[in-house]
Every structure is written in C-alpha cells, then in structure tokens.
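Colleague: need a structure here:
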Amino acid sequence: MDPRVEAFLEMQTVERGAARNTILSYTLDLQDFAQFAAETRFAVSAADAETCRAYMASLHKRGLSARTAARRLSALRQFHLFLLREGLRADDPTRQLDMPRLPQTLPKLLTETEVDALLDAARRKPGRPGVVACAALEILYATGMRVTELLSLPREALTQNRQAMIIKGKGSKERMVPLSAQARDAAAALLAATEGKSRWLFPGRDTKRTLTRQAFFLLLKQVALAAGLDPVRVSPHVLRHAFASHMLARGADLRSLQVLLGHADISTVQIYTHVQTERLRQVVEEHHPLSETWSGTTGRR
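Modeller: Numbers count the residues shown, from 1 in each chain. You can find the predicted model right below:
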C-alpha cells in the first residue's frame, strides 16, 4: 500500500475517530483507484485530474451504481484534501469532478403501530434475551441512536438520575439525549441483570466485550417474527428512521432532530420532511373548503 494512503488512514483513525467499517471502505476504494492509476503509470498519490476523470467514467462502464461511484469520489476527495493539508501535493485533481447524481430514496419506515408491536414482543420474550431486547429497542426508539452507538454504550452512559443518556457518536463527539420512562425502566432492568459483571451496558457472552452486531441482529429478527413483522423490514437503522419520522409527524422541528440524531449538517435530516408533507396534505384535504376537488370529486361546497 502507498505510504501516503497509510498515513491518510491513520489520520482518519487517530484524529477523526473513524469507525472500523469506514476505514475498511476507504481502504478498498483507494486500492481500487490505485490499481486503475497504476495502469496509467501513476502512483495513487500522484494521479492527475484526467486520470481521476477517467477513473470515474470507468466506474460507470463497469456497471457500478451511482451511490458506489459517489462513495469512491468522496474517498478520493478526502484523500487529496489530506495531501493538500500535509503539503504533499500542491493541487487537488478531484476539484473539478462532479458528484454522481443520486436517486432520492425515502427511508424504510415502520408505523407507530408496528413499533408498538415490536416493543410488546420484546417485553414478552422470556429470560435474559428478553431483557436485552427490551432495553435495546426501547433505547433505540427513544433516542434514534445508531446501532454502533448503542452497542458501545458503557454503563456510565446513563446519567445519575437516568433521565438522559450520553452518547458518543461519529468523530467521538458526545451528545446528551433524554430517555422515555419506558426506556429508563428497561435500562434499569438490564443493569440489574448484569450488576457488577461488565463495564458495558450491553455486554456479550464474554462480559469483557460488548454484544456483537451479529448477535443483536439475530435477536432483533427473532423479536420481529414474534411481533408478526417481516424481519427484512426491521433493523436498527429502520428504528432510527422511525424515531425521526414519528417525531417530525408529531411536530418536532428539523434542528432538534439534527441534534438528537447527531448529524453535523441539517440537510441530512431533510429527507424526513416527506412525512411532514404528507401530514400537511391530509390536514388540507380534511379542512380546506375545496378539499373535495383535491380528493378527486368535482363538487364545491
């Protein structure tokens, strides 16, 4: 691997606290570009703008999706910005490249009724798996946190009165989010079940380690089946979307959602405005004098 790529990955790990999956993604993307650049006799850190442009065109020819191409370009831009800042290059060959246009996809959603069914199924699940499932789902739906944030929670993440929780998000940035009464009770039950056995709120079989993503996903699928839901539709990320969409539908503002979800940019949460748009449409159809014409009939009042 090019030493400058290694330095870039080390910076992402040490200074920015990038997750393991993020580092793996950067590594694979830059290795793919390095292979392409080598064919034109360039090192990955010395490729010119034309090589970068040809590489992006090659992704389309290979049939890769716009989303994959956008991720690869993002990796290239981050890498070349690093080279600029470190004085290892005097130019950025990716500066003139356009980001591939991505189709806007709305997040998968669960209704409030479906979330209630999921939580009820978790409460009915017997034994320690039920305690873990109940605490995890109540906290996920109460806070909208990411699954990585959930599983890495230390016991001390709960504030002293357990009214709120301190979450360490991307880039090791901390945020405090309030907990619902149900989430507080579920967390207390989990703490009681693992009293003194682990420093983690969600320990695994080896209490020195956290519960693995694989084990939690399996548990979540079991709860989904018990709730009568298709397991394909249920995931921690879907619960995150449900939290945001249901909050917005009940009057929350985008700025508050941005803070609660731990997003650096408010534009990231604007996709949830489709929920608000639908809610407003229903209000207009119900209350506007011309609502009959909008709903497909022809008469006026």
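Colleague: care to break the chain down by domain?
Modeller: As given by automatic domain parsing, the domain ranges for the chain are 3-85, 112-279.
Colleague: Mind putting these into JSON lines with mean pLDDT, mean neighbour count and distance to residue 98?
Modeller: Placement of C-beta: from N, CA and C, glycine included. Formatted as JSON lines, those follow (pLDDT from 0 to 100; neighbours: other CB atoms under 10 Å; distance: least, CB to CB, whole Å):
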{"stretch": "domain 3-85", "mean pLDDT": "88", "mean neighbour count": "16", "distance to residue 98": "9"}
{"stretch": "domain 112-279", "mean pLDDT": "83", "mean neighbour count": "17", "distance to residue 98": "18"}
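Colleague: For residue 99, find the nearest of these.
Modeller: Closest approach to residue 99 among the domains of the chain is made by domain 3-85 (5.7 Å; CB to CB).
Colleague: Off-centre distance for that closest one?
Modeller: Distance of domain 3-85 from the chain centroid (CA atoms, centre = their mean, to the nearest Å) equals 22 Å.
Colleague: same question, stretch 118-133
Modeller: With CA atoms, centre = their mean as the basis, stretch 118-133 stands 24 Å off its chain's centre.
Colleague: if we can go back for a sec, dump the domains of the chain into a markdown table; add distance to residue 101 as well.
Modeller: As requested, the domains of the chain are exported to a markdown table (distance: least, CB to CB, whole Å):
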| stretch | distance to residue 101 |
| --- | --- |
| domain 3-85 | 6 |
| domain 112-279 | 16 |
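Colleague: can you tell which of the ones you listed is closest to residue 94?
Modeller: Ranked by CB to CB, the member of these that lies closest to residue 94 is domain 3-85, at 4.9 Å.
Colleague: so what's the residue positioned nearest the centre of the chain closest to, chain neighbours aside?
Modeller: The chain has residue 146 as the residue nearest its centroid, 5.5 Å off, counting by CA atoms, centre = their mean. Leaving aside its sequence neighbours, residue 146 sits nearest to residue 240 (CB to CB, 6 or more residues apart in numbering; 6.6 Å).
Colleague: list the contacts for the one you found?
Modeller: Residues near residue 240 by CB atoms under 8 Å, 6 or more residues apart in numbering: 140, 144, 145, 146, 261.
Colleague: how close does the second one get to residue 248?
Modeller: Residue 144 sits 11 Å away from residue 248, going by CB to CB, to the nearest Å.
Colleague: Overlap in contacts, the two.
Modeller: Between them, residue 144 and residue 248 share these contacting residues under CB under 8 Å, 6+ apart: residue 257.
Colleague: how about residue 165, phi and psi?
Modeller: phi -140, psi 140 (degrees, to the nearest 10).
Colleague: Just to check, it is in contact with residue 138?
Modeller: No: between residue 165 and residue 138 there is no contact under CB atoms under 8 Å: 11.3 Å.
Colleague: hmm, back to that, of the domains of the chain, give the one that comes closest to residue 92.
Modeller: domain 3-85 (4.8 Å).
Colleague: helix or strand for residue 246, which one?
Modeller: helix 236-249 (DSSP states H and E).
Colleague: Hmm, I typed the wrong one, I wanted residue 223.
Modeller: helix 213-226.
Colleague: Which residues outside that helix are in contact with it?
Modeller: By CB under 8 Å, 6+ apart, helix 213-226 touches 118, 121-122, 124-125, 129, 132-133, 136-137, 147-148, 151, 202, 204, 230-231, 233-236.
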